[in-house]
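A.B. asks: Got a predicted structure here, sequence first:
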Amino acid sequence: MRWPLWRVAVVECSMEPALRAGDWLLVRRGGRIRAGQVVVARHPGRPELLLVKRAAELRPAGWWLTSDNLAASAVDSRRFGPVPPDLIEGRVLGRYWPLRRQ
């Protein structure tokens, strides 16, 4: 059984300033994705690798996923193209840890 809610840790700086390494996120599996939402997706070439990215645009081939921090040389759709909808695991509901940032 797969729970509809799960938690994911951020490990890189590609989504700064919105999300930072060490943040813990609550993610809802499935559901409707809209442009601008932060999602968890599987890397198209390495399905064992989970990515936390912003769903920028739905294209015929799938979602165009971007990083908020373009200077981080992040792995996103600029490198691998649109991500098929079946590789989108869910959308981020919010950050629950740390409770406050400095």
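C.D. replies: Yes, it's here.

A.B. asks: The most centrally placed residue in the chain pairs with what?
C.D. replies: Against the mean C-alpha coordinate of the chain, by C-alpha atoms, centre = their mean, the closest residue is residue 52 at 2.3 Å. Per DSSP bridges, the residues bridged to residue 52 are residue 40.

A.B. asks: Per-residue pLDDT of it, please?
C.D. replies: Residue 52 carries a pLDDT value of 97.

A.B. asks: What are the boundaries of the helices in the chain?
C.D. replies: Secondary structure of the chain by DSSP state H: the helices cover 77-80.

A.B. asks: Please, where are all the strands along it?
C.D. replies: Under the criterion DSSP state E, the chain contains strands at 5-9, 24-29, 38-42, 50-59, 62-66, 88-97.

A.B. asks: Can you give the contact residues for the first one?
C.D. replies: This means strand 5-9. Where contact means C-beta atoms under 8 Å, 6 or more residues apart in numbering, the residues beyond strand 5-9 that reach it are 22-29, 40, 50, 52, 90, 92-93, 96. (Each C-beta comes from the backbone N, C-alpha and C, glycine too.)
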